[in-house]
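Q: have a look; sequence and predicted model below, questions after that.
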Amino acid sequence: DDTVPDASDNCPLVANADQTDTDGDGLGDACDDDDDDDTVPDASDNCPLTANADQTDTDSDGLGDACDDDDDDDTVPDATDNCPLVANADQTDTDGDGQGDACDDDDDDDTVPDASDNCPLVANTDQTDTDGDGQGDACDLCPNTAPADPVDSNGCSDAQVDADSDGICDP
């Protein structure tokens with residue numbers, strides 16, 4: 001007995017004094033096996049009170065994206081996350097375009113995709129590489145490397161010395 005007369009009770013056989021009916025289908029949540037009316041039964045629904053028929057759960061935390069306030073589980077709420085579907089707790093955004101580097105395919109915003117950019121974190125639309133070492137001049141700390149020499153991420157070969165550890169190869 002929930003004190004609601006059976007004639008107006010949305011669950012006459014189950015006590016539910018508050019008469020909550022999340023999906024508005026006339027059947028109270030207390031006796032409705034699909035409270036959000038998304039065709040997924042509550043028992044297996046990863047968001048039983050929020051419709052999400054596709055059951056997308058980007059971060060595999062058991063909570064569907066439709067009712068998860070952190071879809072990538074990086075501890076940054078989606079509302080302020082610059083990559084809400086890709087984990088990037090540090091929120092690095094090199095080019096300041098509002099899209100975090102973790103999900104930005106052009107981190108320096110120079111219109112050259114990172115995958116083919118010879119300086120992915122420094123804008124250089126012309127991709128000039130004077131010494132031909134694969135490192136663009138805009139970010140090459142050793143601009144006179146021989147073209148055949150393998151280089152590190154700074155454009156320096158093992159043969160080039162940086163005795164003062166300032167990140168710039170000695171002349």
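A: Great, that's in hand.

Q: what's around the closest residue to Ala30 other than its chain neighbours, how many residues?
A: Leaving aside its chain neighbours, Ala30 sits nearest to Asn16 (3.6 Å; criterion: C-beta to C-beta, 6 or more residues apart in numbering). The way it works is simple: take the backbone N, C-alpha and C, and place the C-beta from them, glycine included. Asn16 has 18 neighbouring residues, counting by other C-beta atoms under 10 Å.

Q: just the pLDDT for Ala30.
A: Ala30 is assigned a predicted lDDT (pLDDT) of 92.

Q: in this structure it contacts Leu13, no?
A: No - assessed by C-beta atoms under 8 Å, Ala30 is found out of contact with Leu13, at 9.5 Å.

Q: the more surrounded of those two?
A: Set Ala30 next to Leu13 and count neighbours by other C-beta under 10 Å: Ala30 wins out with 18 against 8.

Q: report the contact partners of that one.
A: Ala30 is in contact with 11, 14-16, 20, counting by C-beta atoms under 8 Å, 6 or more residues apart in numbering.

Q: phi and psi next, for it.
A: Per-residue torsions, Ala30: phi -60, psi -20 (degrees, to the nearest 10).

Q: from Pro5, how far off is it?
A: 16 Å (C-beta to C-beta, to the nearest Å).

Q: again, but for Asp170
A: Using C-beta to C-beta, one gets 91 Å for the distance from Asp170 to Pro5.
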